[in-house]
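A.B. asks: Mind looking at a prediction? Sequence and model below.
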Amino acid sequence: MNRRIGLVGFIICIQLAGVRAHGADHHSVQVNTTAFAFARELISQGRFLADKKGAWGNDHPTRSQESDFIRDHGFPEYAKWYLAIDERHAHNNKTRYKFPFGDFRNVHRCGLLAVKA
């Protein structure tokens, strides 16, 4: 196993552990196993940027870019870029998807490390 995959896998696990810790109704937020597999696939393809912690403020997609991506690719593809799903929200709603990890092209280490409430 590639060292990058091991590091990112560890970071993903830490981030997902936080899913259960946030919010009173922790059963409504579930791990997005499709996104987890997709992230691993992207990393194995070399689509990984080891940017620095804190860079996510500049690297994450804007709301407009998110809307454009959804319009061009649909919610199923959009969902693949988020490591958690909040079951309290409808399938075709951005607020359903939590813990983004990339910019719709590459996995970003800073995205995995970003703290998002």
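C.D. replies: Thanks, I have it. Numbers count the residues shown, from 1 in each chain.

A.B. asks: residue contacts, F104?
C.D. replies: Residues in contact with F104, defined by Cβ atoms under 8 Å, 6 or more residues apart in numbering, are 61, 65, 69, 81. From N, CA and C alone the C-beta is placed, and that goes for glycine too.

A.B. asks: and those, which two are the farthest apart?
C.D. replies: Farthest apart among those by Cβ to Cβ are Q65 and W81. That separation is 11.2 Å.

A.B. asks: Between those two, tell me which one has more neighbours.
C.D. replies: The residue with more neighbours, out of Q65 and W81, is W81; 25 against 12, by other Cβ atoms under 10 Å.

A.B. asks: which residues touch the more buried one?
C.D. replies: Contacts of W81 were listed using Cβ under 8 Å, 6+ apart, and they are 35, 38, 97, 100-102, 104.

A.B. asks: Please report which of those residues has the highest neighbour count.
C.D. replies: Of all the contacts of W81, F101 has the most neighbours under the rule other Cβ under 10 Å, reaching 29 neighbours.

A.B. asks: Give me the pLDDT value at it.
C.D. replies: Model confidence at F101, given as pLDDT, is 86.

A.B. asks: Then N2?
C.D. replies: We have a pLDDT of 46 for N2.

A.B. asks: How about S44?
C.D. replies: At S44, the pLDDT value in this model is 88.

A.B. asks: what about it, how many neighbours?
C.D. replies: Residues lying near S44 (other Cβ under 10 Å) number 13.

A.B. asks: try the one 4 residues further on
C.D. replies: Burial of F48, expressed as a neighbour count using other Cβ under 10 Å, amounts to 21.

A.B. asks: can you check A79 too?
C.D. replies: 17.
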